[in-house]
Structures are given as C-alpha cells and as structure tokens.
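Undergrad: any chance you could fold what I've pasted below:
(chains A, B and C)
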Amino acid sequence: MKHILSAKQFSRIDLEYLMSEARKMDTILDKWGNRMFDEKIMATLFYEPSTRTRLSFESAMMRLGGKVISETDITFSSQSKGEILGDTIRIVSGYADIITIRSKNTGDALLASQYSRVPVINAGDGSGEHPTQALLDLYTISKDFPGIFTGEKLKVTFVWDLRYGRTVHSLSLLLRNFPNVSLSFVAPENLNLPEQYRTEKDIFSDVLSDELLSSTDVIYMTRVQKERFPDTESYDAVKDAFIFDTTTVEKMKSNAILMHPLPRVNEIILDVDNLPQARYFEQARNGVPMRMALIKYCLEQQ
Amino acid sequence: MKHILSAKQFSRIDLEYLMSEARKMDTILDKWGNRMFDEKIMATLFYEPSTRTRLSFESAMMRLGGKVISETDITFSSQSKGEILGDTIRIVSGYADIITIRSKNTGDALLASQYSRVPVINAGDGSGEHPTQALLDLYTISKDFPGIFTGEKLKVTFVWDLRYGRTVHSLSLLLRNFPNVSLSFVAPENLNLPEQYRTEKDIFSDVLSDELLSSTDVIYMTRVQKERFPDTESYDAVKDAFIFDTTTVEKMKSNAILMHPLPRVNEIILDVDNLPQARYFEQARNGVPMRMALIKYCLEQQ
Amino acid sequence: MKHILSAKQFSRIDLEYLMSEARKMDTILDKWGNRMFDEKIMATLFYEPSTRTRLSFESAMMRLGGKVISETDITFSSQSKGEILGDTIRIVSGYADIITIRSKNTGDALLASQYSRVPVINAGDGSGEHPTQALLDLYTISKDFPGIFTGEKLKVTFVWDLRYGRTVHSLSLLLRNFPNVSLSFVAPENLNLPEQYRTEKDIFSDVLSDELLSSTDVIYMTRVQKERFPDTESYDAVKDAFIFDTTTVEKMKSNAILMHPLPRVNEIILDVDNLPQARYFEQARNGVPMRMALIKYCLEQQ
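TA: So this is what the prediction gives:
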C-alpha cells in the first residue's frame, strides 16, 4: 500500500514519474480525468484549518470522478473529544478508499498510515512535512524549466522565513535529487534554514543582492508569520525587509519565475501579479493536476 | 463570461428567458437535469452563514449532475486570516468551474468577479444585493400569475422591514421591468423602502388596510430583525405590528398568494401554512430550479 | 412513506429483511452499489456533532451512487437562529430526496418526519433513540452468529453505562424480537438499565463475574461519560470498574465477540484490538452496508 507521507520518500525516478503523470492530468483536467475513480471516496480529515489545501484535494478527487466525505470542524471533532487518532483512522478507513489528513502534530500522518486500511496522504503535519505542496512546487518549476530533468543548470533562491516555512524544507529536500540545481537561501539570521536541511554547496545570505536577484531562475518567496516573533517590535524591525514590487521584479531575468506558496501578507505587492515572472497563482492551480497524479499513484497501487 | 451579480443586470428579455429555463428545470428536476454538468465543480464560499441558500445552490448544482466543494467555516477561513479576497478567488477559480459567494460586505461579489477565471454568482453581499433570491421570487409569482409577462395587471404589496430587507430591494428592482405591476409598500416609517428604490407610482403606508389586503395579488411579507433596533423597547413597540393569522389571510383574494423569504419569526402564524394562499415553502423550493437555470446560464456561456 | 425513527418500529420480519439487504450491500460495497441512487440527494442535518455517524451515512449514500448536502455548523445553523424545526425540514425536503437528522432533543426526528416531504432517518435524538446504530449492532452479531435467526441460543451481556447509553436501549429493544437470546446487564446500580427496558428474564449484576464472562457469546461494552456524574470524585470512584485487557478477554469463549459503539475512553485497552474477539472496528465498518440497506429501504418505498 502506497502512502504519501514525506518528501524524503521519493527517488528521482519517482519524481520524474509523478511529474509526467501530473502533466497528463493537466491535459485531461477538463475532461474529468476520464472518470478514473468514479467509485472511490476520499475522506479529508483536516484537524488544522487549511481551506486552500482541502479544496485543492477535493477538486482533484472530483476531477477524477471520485466523491468526498470531510471532517473540518475542529472544535467538535472526535479528536477534540479525546479519541485517539488510531481509532479514528481505523474507523474512517472503513468508510473511504483514501484518506487525506492535515494535523497540528508532526508525525500524525505517519501514525495514521500505520492504522489505516487505505492509503494516507499527508496534507501537512504541523511543523513537519507538506510533501504534496513540495511536489506541486517542483511541478511548477518543471513546467517553466523542463531542462531540470535533463541536467540543465538551474538556480533556485528561497527568501524570507526559511526556518518555519515547512514548504521550503520539503521542496529543498526534493531539489537535492537534482545535482544540476543550486540553492541559495536569503533570510535574517534567526529565520534561516535549519541545519539539517543544509548542504555544503548552499549559499546563505541575509540580503537579497541585485546580483543574486538577476542571476536566479526561480525565486521562492515565503511569508513571515507575526506570531513567530517574541514581540511586535522584533517583527516590525524586519517585516518589510523583503518586499517584491515591480522594481524588484524588473531586476529578475526575463524568463525567471517568482513563486510563493500563498497566502501572502505584504511581501509581494499586488502590482507584481501582472508581470510575466509572477507564477504563484499558476502554482496554486498546479495543485489540482499534481494531487490528481498522487491520488492515482495511491489508488492504482492497491 | 457571465456573472450573476445584481438584479439590475437583467433586461426584461433576460428575465423571460430565465423564467422559461427555470420552468424547464422544474420538469427535469427528478431526472437529474439530464446530467448536464456532470464534469463541473461549483465552489460555495459562504463567508456569512446561510444554510438554506447554500443547500439550495448545492442541490441545484447536484441536480445538474455537478459536484460541490465548499468553505463555510467563517472563523478559520483564509479570509479571517487576512487573505485578500482577490487572492482567494484567483486560487479557488483554479479549482472550480463556477463560484457562488456569500459575504458580509457589499460589493464583494462584484470584486470577486473581477478576479475570477470562472463565472461568479452573488448569493448575497451584506446589505447589497441578493439577486438569485429576487429571481426565485419572480419565478414564484410567475407560476401563479403567468399573465405578468403578457401585460395583465398585478398588484404586489411588500410588508414590514422594507429598509433592511435586501430581498425586497432586489425583487422591486426586477418588477420595475413590468409596467403592468403596481407596487405598494407597508412599513413603519423608519423601516420603509430607501429612497433610491422608490418610483412616483408607488403607494406607501404604515398600515396594512383591509382594502389593500383584499385587492392585492401578491403579499410579500418579511421579518424584522431585532438587532436592527436601537433598544429592546423600540423593537417591542412594533414587533407585533404585522402578524398574519388565518383571519388576516381570509381577507386576501382567494387566488392571491402570501410569500415570505424565510426564516420567519412570528409574523406568519403556523395555522396559515395550510391555507391555499400560503406560498412560502413552495417559494423556497423554487430556489432549486431557478438556481439550476442560473448555473446553466453561466456555464453554457463560457 | 417510510421513515427510520425508532428501534420499536421493526418487526422480526423487517429485521430479517434488513439484515439480508445489508448482507447484499456488503457484497456490492466495492462495486458502488450498482449506482442504485445516482440521481438522489441526501441531506445530513447534524445539530449535534457526530463525525463518525455522519461520515458513515454519507459514505453509504455515496456507495449507492447518491450525493450529499450537509449542515453541521451548529453555532450558525438556522436552528440556532431560532428557526423552528418544522420550517427547516419543509425547506430542506424541497432540496433533498432523503433527510438524516441528528439532534440533542428527544423526539426531533419524529417531529421532522411529520413535516417532511421525503423520508427521514433518525441518526440519534438526544437521550432518545439511535435506531441505525442498533441495526448495525444486530447486523454485526448476526454475521458471527447467523443462528440467531434460526433459534440458536445466544447470550448477550451489556456492560458499564446502561442508563445513559442509548445504543444499549435501542439494541436491547431489537433483541427482544428473538426469544432465543438471553440478556444480562452489568453496571453499577445507579448506571443500570432503566426500568422501561427491562423484562423478567433479564439478569442484572454490578460485577462482571468470570462465570458470566466465560459463558457469554456477545459482550457489548460501553463507555461512561464523565459529565454524567455529579462530581469528579464519584466518577473517579468507578471509572476503572470495568476495563477489558488481554487477561479479561482471554476468559471469554474463543468464538465470543467483544463489541463497543466507540469512541472508547479507557475501558478497552489497545492490546485487545488484535485479539480475535475484538469486533468493534468491524462493527463500525458494518455501519456502511447497514445504512445502505436503510437508505434503499426508504427510497425504494416512495
């Protein structure tokens, strides 16, 4: 039985397979995925609110012809009544053919997979992993830079909160499969990438220099969450440190892309949305074909 | 791309077309709308709770064969986390083929339509518009009085809270397309129809006289919301001013109809439900074929 | 029109029919119920949270090909805004082909059925009934002990909170149809079975003796809800009175089964889950075919 639990589980061959599957899904998106899984039910268990991710998974399941049952009421869920996760999963896996779970606790998705009769997809477990986001990010990159698979050099720069941003952790893990991709990390010192995700080849900086900006193929911007800071002052001190406006983006290469997992706060000005480099809404949209590919990957393996 | 944003957007020809479409939908309701939109997904974004309206839209979409993804959790929605509406809409319109939005803020539906890749239906935007309710109201009237389209005289009387009742505003706008329909408005002075919706021909009163009652074809009753009043005393002073009991209804013409957008408070006594004039439950039910017609109107135009 | 309102409504013939139908559903579960009700919509109105029961009903409806509209937001529901239940039901029964209702108030399902244009299924009404749970419990028993229908002797023992546990009340009512089944009830005196559910043949005890344990075919365990007790002390005094661990279960007959409506607190230790007697997860899973049978029973009668 195949589960989707961590960005670490995928070999380069897996990644190439999944990207190719997502491309196929993109072409049959409007044709309802050939009704591939007409007779299947997905349960979306979201113990942490995330409307975008949930709707993206539900849309993907429906585009494949499937149906969805959902628990999103955090306050009144069985979980909040103290039921242990294993019991919930054993019960729900009797109702559905695949389970997508989002939780506040690192490791919950792995735990769920150990009790489940059906495949489990990790839709984010606390400060742990968010593998499907990383995969759709990679898919987005590969649409603009298909050469990533054939050894073409590519420079990816991550900016802003690289310490708490789990999408950065997961995507950087995936990109380690491609020696032709070099990674740069730009963040205030206390918000930079945790040690365990670093390699010797990486470049670190607390300033996004014009040189870096103009030589990068992919900028992966993140947002900073105010609640990460000890007090308002320390947040205010850095909150405007990295803001992309049209002037910033004009310094990027003309064929470079600007990504963001969204939602944004103020780190990308609205004017940028219409520039050719802006790729964040397309990126969000790529979640549907990528998740269709992942659902197929899990369900056809059974 | 066609959106449903305001009662003002419909010409008389549009209205006749939509009523005719709704009639067709009424006949195929049990046949599942011929599975017309089997491959389409509707997103219902309800940033203000309205179970009845949401379920009515979802039922309409499903009767056409379609599927539904939904966000109704106000507290935990992306909106409450400060995401700007435009971003949400751009993202969700990558997941769904049509968006139905309900919000507390006037103008949100219009704003949403400007960012959406897919048609947007306004399911009520604060004290602004509620065009689909007005259309199902007109549909209800036209089922009892098909002569409305062929110039037969018709007298419609609105009663009670005409100031805040957006369904009254929207329906009165639609009825302006029919010179053969005369409108009366009965309300306490401080709850009567806002100036911008009035015309010279209208009749205003703060009392529902027996004469008016017995000469009207359609009574459109509304409820008064306690929270509109500055204090309990001023509410208590008027709260029982307009109550329909069987005695009141017996003064109506035998073929007249009594409508109400529901929910009611105490302004229509339960005994009235079984009288032949009571049309409010049928009216609610008419929401399904009318919304099926509107979904078709939006989706087939693409 | 057939409603499912109470365990009392079923004759022995009805029960045998429904068990046979559930068995059929079990065999077509993976084949999507032959898409029997492809064109039908179920409304799940849950005015009391119960994720497991709701998901089980929704899965059952979808396995039959049907669609689901749902209201689960207790705080913002029309009910909480003071709308009377009859109005809600009259409206929703214009949107759906069958209604499943869960409420805090005993009698709400019966009331709903009186206003509904479509079949109503009681998914638990306060301390009243929970007939579909009782039916799936009976179905679970009948899978291990098919002889129950042909007069074979069977000994069923209920343990723990038999006073407030409505599943115990409903299941005991169903089992009264089988004179070959003898019932024992084990509970602290103040938590034992209410008088109206007792018969002369029943055995009562406040201790689960080894003799009873080793001679019983079906143990039906329940949980005690802390909030039923006047204070923490009285709860603490009994909370560990009945705990099934592997030692306890080893005293059961080898072909006996241990049931529990779930969720559990601490009354069944996790180690027991892997013993051959443990039947509670299978029991939960049986909810889907049983509810498929009930939906068919209601919809095909129309």
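
Undergrad: so residue A:213 sits against residue A:252, correct?
TA: Yes. The pair residue A:213 / residue A:252 is scored as a contact, 6.0 Å apart, by C-beta atoms under 8 Å. Just so you know, the C-beta spots here come from the backbone N, C-alpha and C atoms, and that holds for glycine as well.

Undergrad: between those two, which contacts overlap?
TA: Listed as contacting both residue A:213 and residue A:252 by C-beta atoms under 8 Å, 6 or more residues apart in numbering or on different chains are residue A:219.

Undergrad: what ranges in chain A fall below the confidence cut-off?
TA: For chain A, applying pLDDT under 70 flags the ranges A:31-34, A:73-83, A:301-302.

Undergrad: so where do the helices sit in it?
TA: If DSSP state H is used as the criterion, the helices of chain A fall at A:12-28, A:51-63, A:85-92, A:108-115, A:131-144, A:166-175, A:210-215, A:232-238, A:246-250, A:280-285, A:287-299.

Undergrad: which strands and helices lie in contact with the first one?
TA: When you say that, I think you mean helix A:12-28. Of the remaining helices and strands, those touching helix A:12-28 by 3 or more C-beta pairs under 8 Å, 6 or more residues apart in numbering or on different chains; DSSP states H and E are helix A:131-144, helix A:287-299.

Undergrad: turn those into TSV, including mean neighbour count and distance to residue A:261.
TA: Converted to TSV, these look like this (neighbours: other C-beta atoms under 10 Å in any protein chain shown; distance: least, C-beta to C-beta, whole Å):
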stretch	mean neighbour count	distance to residue A:261
helix A:131-144	24	6
helix A:287-299	25	10
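
Undergrad: any chance of CSV for those, columns distance to residue C:298?
TA: Compiled in CSV, those are given as follows (distance: least, C-beta to C-beta, whole Å):
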stretch, distance to residue C:298
helix A:131-144, 39
helix A:287-299, 31
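
Undergrad: closest one to chain B among those?
TA: helix A:287-299 (6.1 Å; C-beta to the nearest C-beta).

Undergrad: that closest one near chain C anywhere?
TA: No. On the criterion C-beta under 8 Å from any C-beta of the partner chain, helix A:287-299 is out of touch with chain C, staying 12.5 Å away.

Undergrad: which residue is nearest the centroid of chain A?
TA: residue A:133 (1.5 Å; C-alpha atoms, centre = their mean).

Undergrad: my guess is that one contacts residue A:170, does it?
TA: Yes. Counting by C-beta under 8 Å, residue A:170 is a contact partner of residue A:133 at 6.5 Å.

Undergrad: give the buried residues for stretch A:258-272.
TA: For stretch A:258-272, the neighbour count (16 or more other C-beta atoms under 10 Å in any protein chain shown) marks A:258-264, A:267-268, A:272 as buried.

Undergrad: not counting its neighbours along the chain, what's nearest the residue of the stretch 101-250 of chain A found nearest chain C?
TA: Relative to chain C, the nearest point of the stretch 101-250 of chain A is residue A:117 (8.9 Å; C-beta to the nearest C-beta). Once flanking residues are discounted, residue A:117 sits nearest to residue A:93: 4.2 Å by C-beta to C-beta, 6 or more residues apart in numbering or on different chains.

Undergrad: any idea what residue A:220 is bridged to?
TA: residue A:158, residue A:259 (DSSP bridges).

Undergrad: who's in contact with the closest residue to residue A:12 other than its chain neighbours?
TA: In space, and not counting its chain neighbours, residue A:12 is closest to residue A:177: 4.3 Å by C-beta to C-beta, 6+ apart. Shown in contact with residue A:177 (C-beta under 8 Å, 6+ apart): A:10-12, A:15.

Undergrad: now swap in residue A:291 and tell me
TA: A:56-57, A:60-61, A:132, A:136.

Undergrad: do the same with residue A:137
TA: Counting by C-beta under 8 Å, 6+ apart, the residues that residue A:137 touches are A:167, A:171, A:174, A:220, A:259, A:261, A:283.

Undergrad: roughly how far apart are the fifth one and chain C?
TA: Put plainly, it is residue A:259. 35 Å (C-beta to the nearest C-beta, to the nearest Å).

Undergrad: ok, now the last one?
TA: The span separating residue A:283 from chain C equals 31 Å under the rule C-beta to the nearest C-beta.

Undergrad: give me the neighbour count for that residue.
TA: For residue A:283, the tally of surrounding residues (other C-beta atoms under 10 Å in any protein chain shown) stands at 25.

Undergrad: then the second one?
TA: Here the count is done by other C-beta under 10 Å, and residue A:171 has 29 residues near it.

Undergrad: equivalent analysis for the third one, please.
TA: Here the number of neighbours of residue A:174 (other C-beta under 10 Å) works out to 20.

Undergrad: now do the fourth one
TA: With neighbours defined by other C-beta under 10 Å, the count for residue A:220 comes to 29.

Undergrad: how is chain A carved up into domains?
TA: Domain assignment for chain A, taken from automatic domain parsing, gives A:7-129+A:287-299, A:132-284.

Undergrad: quick one: end-to-end length of the longest one, please.
TA: In other words, domain A:132-284. When the termini of domain A:132-284 are compared using C-alpha to C-alpha, to the nearest Å, they are 12 Å apart.

Undergrad: same check, this time on the shortest one
TA: Using C-alpha to C-alpha, one end of domain A:7-129+A:287-299 lies 19 Å from the other.

Undergrad: return the distance of that domain from the chain's centre.
TA: Chain-centre distance of domain A:7-129+A:287-299: 13 Å, with C-alpha atoms, centre = their mean, to the nearest Å.

Undergrad: surely residue A:284 touches residue A:262?
TA: Yes. Using C-beta under 8 Å, residue A:284 is in contact with residue A:262, at 5.9 Å.

Undergrad: kindly report the residues of chain A close to chain B.
TA: So chain A meets chain B at A:30-32, A:49, A:51-52, A:55-56, A:58-59, A:62-63, A:67-68, A:72-74, A:262-265, A:270, A:281, A:284-285, A:287-288 (C-beta under 8 Å from any C-beta).

Undergrad: which among these end up buried?
TA: In the residues of chain A next to chain B, the ones that pass as buried (16+ other C-beta under 10 Å) are A:32, A:49, A:51-52, A:55-56, A:58-59, A:62-63, A:67-68, A:72-74, A:262-264, A:281, A:284-285, A:287-288.

Undergrad: what's near enough to touch the spatially closest residue to residue A:91 that is not a sequence neighbour?
TA: What sits nearest to residue A:91 in space, not counting adjacent residues and going by C-beta to C-beta, 6+ apart, is residue C:284, at 4.6 Å. Shown in contact with residue C:284 (C-beta under 8 Å, 6+ apart): A:90-91, A:94, C:52, C:56, C:262.

Undergrad: thinking again about what came up before, need the overlap of contacts for residue A:284 and residue A:262.
TA: Common neighbours of residue A:284 and residue A:262 (C-beta under 8 Å, 6+ apart) are A:52, B:91.

Undergrad: how much space separates residue A:11 from chain B?
TA: Where chain B is concerned, residue A:11 sits at a distance of 29 Å (C-beta to the nearest C-beta).

Undergrad: same check on residue A:174?
TA: For residue A:174, the distance to chain B - C-beta to the nearest C-beta - is 22 Å.

Undergrad: try residue A:112
TA: Counting by C-beta to the nearest C-beta, the gap from residue A:112 to chain B is 21 Å.

Undergrad: I'd say that residue and residue A:119 touch.
TA: No. The pair residue A:112 and residue A:119 fails to qualify as a contact (C-beta under 8 Å) at a distance of 10.4 Å.

Undergrad: what's the overlap in contacts for these two?
TA: residue A:99.

Undergrad: among those two, which residue is more densely surrounded?
TA: The residue with more neighbours, out of residue A:112 and residue A:119, is residue A:112; 27 against 23, by other C-beta under 10 Å.

Undergrad: list the residues that contact that one.
TA: A:85-86, A:89, A:99, A:101, A:120.

Undergrad: so which of the residues you listed also contact chain C?
TA: The overlap between the contacts of residue A:112 and the neighbours of chain C (C-beta under 8 Å from any C-beta) comes to residue A:86.
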